[in-house]
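*Asks:* build me a structure from this.
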Amino acid sequence: MKIAYRSDHRKPFKSADVMETGGDHLDVADFPDISRKAEMALRNSPEHSDIRANALYLYSDPQMAEQDWRHRGKGVRTLYKVSFEDDDLLHTGDLDTFDRVAKDIAAGNKPSVNVEKYWAGCSPSRYSEHLVRKATVIEIVREAASWKSFYRTAVERLRDEPGNAYWYRNQTLDRKD
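*Replies:* Numbering: from 1, shown residues only. Below is the predicted model:
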């Protein structure tokens with residue numbers, strides 16, 4: 001059994017619930033165009049095309065998972081600590097290599113070398129992702145509702161720092177939350 005983390009937008013799962021893929025994340029995620037192109041470059045081979053489309057994505061590092069939750073949470077994602085079995089592991093990929101694929105594409109270069117590096121795999125690190133068939137929820141790390149408290153705390157810190165009153169007032173004039 002291995003431990004990992006996942007930020008998920010679906011119904012809240014409870015401890016011991018089995019989490020499976022909710023379908024192809026390209027159909028539901030809001031990706032920047034360059035990330036979508038990098039994703040398609042990784043899928044553009046017969047032996048790997050279905051792995052990313054049908055996998056549940058997990059982070060090996062809790063800080064990376066929380067960063068994802070904070071960035072994409074917007075009050076609708078829950079952060080989980082999960083476990084998975086070796087038999088359910090499809091691939092462990094390096095997210096830095098994924099970023100290099102995107103940079104290759106943005107620069108007009110062929111990403112084939114970095115695509116091969118991604119699929120060669122890596123050992124778990126801060127910047128790795130596990131692609132698995134399923135995972136079991138161990139615990140909820142952050143609830144979706146707590147996302148706003150993180151947002152509010154950051155905004156309040158900005159508001160209270162000297163010199164930020166003008167910026168804060170202009171940023172919050174039309175906010176209804």
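*Asks:* C-alpha only now, for contacts and for neighbours.
*Replies:* Will do.
*Asks:* and the contacts of the host helix or strand of Ser35?
*Replies:* According to DSSP states H and E, Ser35 maps onto helix 33-43. For helix 33-43, contacts defined as CA atoms under 8 Å, 6 or more residues apart in numbering pick out 26, 48-53, 98, 101-102, 105-106, 111, 115.
*Asks:* now swap in stretch 102-117 and tell me
*Replies:* Taking contacts as CA under 8 Å, 6+ apart, the residues outside stretch 102-117 that touch it are 34-35, 37-38, 41-42, 97-98, 100-101.
*Asks:* how about the residue nearest in space to the middle of the chain, what does it touch?
*Replies:* The chain has Asp68 as the residue nearest its centroid, 4.9 Å off, counting by CA atoms, centre = their mean. Taking CA under 8 Å, 6+ apart, we find Asp68 in contact with Ser7.
*Asks:* who's in contact with the closest residue to Gly23 other than its chain neighbours?
*Replies:* In space, and not counting its chain neighbours, Gly23 is closest to Asn54: 6.3 Å by CA to CA, 6 or more residues apart in numbering. If you count contacts by CA under 8 Å, 6+ apart, Asn54 has them with 21, 23-24, 133.
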